[in-house]
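Engineer: Here's a sequence, model it:
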Amino acid sequence: MVKVAIHHAVSPYCTVVPSSSDLMNSRPPSDMLKVAWNLAWYGGIDQVLEQNGHPGINTPPEFLENLMLSPVDITILKTTNVAKGLQDCLVSITEATSHSVVSSTLARMRLYLLNDKLALKRGTGSSISTLHDLEWQTALSRFLLVLPACIEDEKLLADVLAFLSKMLIAQRDSTDTRDLNLLLEFLLRQETSPLMNLLLQTGSPAQGEMDEIQTLVRQKLQKELIGFFNSILQSLTSVTNRKCLLLAGPFRTQLSLKLLQCLRITNAPHFYGLPALERTLRGMVYVTAVPGWTLRSTTEDPYTLCKKYLTGLLEVISSFYVEWGGNAMSFMGKGVTKSAVICLLQLSYEMITQAKDKV
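Structural biologist: Numbering: from 1, shown residues only. Model prediction:
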């Protein structure tokens, strides 16, 4: 007799859980009932967190023990509530005693921004509006005041700049310019401009494992720094606030001077690198995109600044097609060439409009 293989009506590997008459013995229904009971008892999640955040407050006697929230439940409620979660993050940053605590907290805050992006959540109730009410600058501004003194400081500053860039991107379509005004005032208020001076930071040749790690950290910091400045410049393209536009002029001019110095350092034969050169030129594209970016310099007149930009950009293009011809056809080489050409086009317009008598 031929036996044909057939499927079982019920899989022999299926585990059948016997139905329970008491749903409290099952974990998911029990957790749902505990949360629903506490929310109804205290009248909302804010009252639940306030009640359970004070150990001295006793639970009412008619409260069953299996309905009391555990510390894990309280932590979950704090995390899922945007206002309480972000407030705990800012408090954690303010009271942090190590770099790792601040970095992990910033990662949590970026998750709130990512959650809003995925849920298409904007306006009231979003993480950005909540951060406005909590005054994030009190906790984060201290990391932007001084230059990093060690490799751990550089890592932390890169994380702070990454979060600020995400925050600016998240509110790019908003008409609220409070954060943008605050950052521009902060950058222009400092005479030494520590953040802009970091663009000119160069590294020594790598010697040993520690120097290689420091080089990688410094490259990440440079990437986040230029990305932060580019985020500010992109946000300024759709701004109509008068104060913000007034601050934008000096910021563009100061940044253009720093990027020009950075281009000379990056394009030097002893410090040649496509990633750094590409980041610098991308920043120049955003700086030169708005007419009048040469007008606010206290050390250079518009014509001289345009002439220096023209010389630097022509050196980049000529070096790519003469000295390093092979790099011009690479992926990054094409990006460098494209950014340099866009800068030249925008520079030509600036020279025509701002230096008519000398061109």
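Engineer: Now for the nearest residue to residue 148 once chain neighbours are set aside, which secondary structure element holds it?
Structural biologist: Nearest-residue entry for residue 148: residue 154, 4.4 Å, with adjacent residues in sequence omitted and distances by Cβ to Cβ, 6 or more residues apart in numbering. C-beta coordinates here come from the backbone N, C-alpha and C atoms, glycine included. Using DSSP states H and E, residue 154 sits in helix 151-170.
Engineer: for residue 63, what are its contacts?
Structural biologist: Counting by Cβ atoms under 8 Å, 6 or more residues apart in numbering, residue 63 makes contact with residue 41.
Engineer: got a pLDDT number for it?
Structural biologist: Listed pLDDT for residue 63 reads 70.
Engineer: swap in residue 25?
Structural biologist: 69.
Engineer: hmm, back to that, helix or strand next in line after the helix holding residue 154, which one?
Structural biologist: Following helix 151-170 in sequence, per DSSP H and E, is helix 178-189.
Engineer: Return the list of helices and strands in contact with that following helix.
Structural biologist: Judged by 3 or more Cβ pairs under 8 Å, 6 or more residues apart in numbering; DSSP states H and E, helix 178-189 is in contact with helix 151-170, helix 208-236, helix 242-266.
Engineer: Make JSON lines out of the ones you listed and add distance to residue 102.
Structural biologist: What follows is these, written out as JSON lines (distance: least, Cβ to Cβ, whole Å):
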{"stretch": "helix 151-170", "distance to residue 102": "6"}
{"stretch": "helix 208-236", "distance to residue 102": "15"}
{"stretch": "helix 242-266", "distance to residue 102": "26"}
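Engineer: Low-confidence stretches in this structure?
Structural biologist: 1-5, 16-25, 52-62, 190-192, 202-210, 265-273, 321-333, 355-359 (pLDDT under 70).
Engineer: Got the domain ranges for it?
Structural biologist: 105-240, 272-359 (automatic domain parsing).
Engineer: Residue 94: which of these is closest?
Structural biologist: domain 105-240 (4.9 Å; Cβ to Cβ).
Engineer: and the closest one, how far apart are its ends?
Structural biologist: 33 Å (Cα to Cα, to the nearest Å).
Engineer: what's the burial count for the residue nearest to residue 213 when sequence neighbours are not counted?
Structural biologist: Nearest in space to residue 213, with sequence neighbours left out and distances taken as Cβ to Cβ, 6+ apart, is residue 151 at 7.0 Å. Neighbour count of residue 151, defined by other Cβ atoms under 10 Å: 16.
Engineer: Residue 151: what's it in contact with?
Structural biologist: So residue 151 contacts 213-214, 217 (Cβ under 8 Å, 6+ apart).
Engineer: Out of those, flag the one nearest to residue 98.
Structural biologist: Among the contacts of residue 151, and counting by Cβ to Cβ, the member closest to residue 98 is residue 217, at 16.9 Å.
Engineer: From what I see, that closest one and residue 159 are in contact.
Structural biologist: No - taking contacts as Cβ atoms under 8 Å, residue 217 lies outside contact range of residue 159: 11.1 Å.
Engineer: I'd like to know which of the contacts of residue 151 are buried.
Structural biologist: By neighbour count, with 16 or more other Cβ atoms under 10 Å, those hold 214, 217 as buried.
Engineer: Please produce a markdown table containing the contacts of residue 151, extended by distance to residue 166.
Structural biologist: As requested, these are exported to a markdown table (distance: Cβ to Cβ, whole Å):
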| residue | distance to residue 166 |
| --- | --- |
| 213 | 25 |
| 214 | 25 |
| 217 | 20 |
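Engineer: Give the burial count for the residue nearest to residue 228 when sequence neighbours are not counted, as a bare number.
Structural biologist: Using Cβ to Cβ, 6+ apart and skipping residues adjacent in sequence, the residue nearest residue 228 is residue 161, 4.4 Å away. Each residue near residue 161 was counted by other Cβ under 10 Å, and the total is 24.
Engineer: Verify the stated contact: residue 161 with residue 226.
Structural biologist: No - counting by Cβ under 8 Å, residue 226 is not a contact partner of residue 161; they are 9.5 Å apart.
Engineer: Can you classify residue 8 as helix, strand or coil?
Structural biologist: Counting by DSSP: H, G, I helix; E, B strand; the rest coil, the backbone at residue 8 sits in coil.
Engineer: neighbours around it, how many?
Structural biologist: 8.
Engineer: now residue 241
Structural biologist: Residues near residue 241, counting by other Cβ under 10 Å: 16.
Engineer: OK, contacts around it?
Structural biologist: 177, 181.
Engineer: And it, its phi and psi?
Structural biologist: phi -70, psi 130 (degrees, to the nearest 10).
Engineer: The chain should start at 3 in everything you say after this.
Structural biologist: Renumbered: residue one is now 3, and that last one reads residue 243.
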